[in-house]
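Student: next input, structure requested:
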Amino acid sequence: MTHNNKAFGDSFKSIFKIGDLVTWRLYTNDVTTGEIVPRQMTGVIIDIYTSAMSGRDVWYAKVFEAATGQFYNMSLLTLSLIKD
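Tutor: Residues are numbered from 1 along each chain as shown. Sure thing, here's the model as predicted:
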């Protein structure tokens, strides 16, 4: 069995850079109906880094979401680049 030493999401690293505007979905549970509700989020990447997860490095981005003023640590695989 061969082992891949690259961090998970390595192929996505070249797509994103600090300062990029990105979008992703945040899933929340509606306490009234019990439904899972997706909410479209938009933010700016302020850092790109790797973090160990289950014994393998994973690429993440720290994203500032301006509407709420919160920071989110998101896997690069969950982000979509907003282009001009």
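Student: use CA for all of it now, contacts and neighbours both
Tutor: OK.
Student: now do the strands in the chain.
Tutor: Listed in chain order, the strands of the chain (DSSP state E) span 21-29, 36-53, 56-65, 70-75, 80-81.
Student: quick check: beta-bridge partners of the closest residue to residue 10 other than its chain neighbours?
Tutor: Spatially, and ignoring its direct neighbours in sequence, residue 10 is nearest to residue 59 (6.6 Å; CA to CA, 6 or more residues apart in numbering). Taking DSSP bridges, one finds residue 50 as the beta-bridge partners of residue 59.
Student: between the strands of the chain, which gets nearest to residue 13?
Tutor: Residue 13 lies closest to strand 56-65 among those, at 7.2 Å (CA to CA).
Student: quick check: mean pLDDT of that closest one?
Tutor: Average pLDDT, strand 56-65: 93.
Student: cool, and stretch 28-35?
Tutor: For stretch 28-35, mean pLDDT is 90.
Student: picking up where we left off before, now the strands of the chain in CSV, with mean neighbour count and distance to residue 7?
Tutor: Compiled in CSV, the strands of the chain are given as follows (neighbours: other CA atoms under 10 Å; distance: least, CA to CA, whole Å):
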stretch, mean neighbour count, distance to residue 7
strand 21-29, 15, 21
strand 36-53, 15, 7
strand 56-65, 20, 5
strand 70-75, 15, 11
strand 80-81, 15, 19
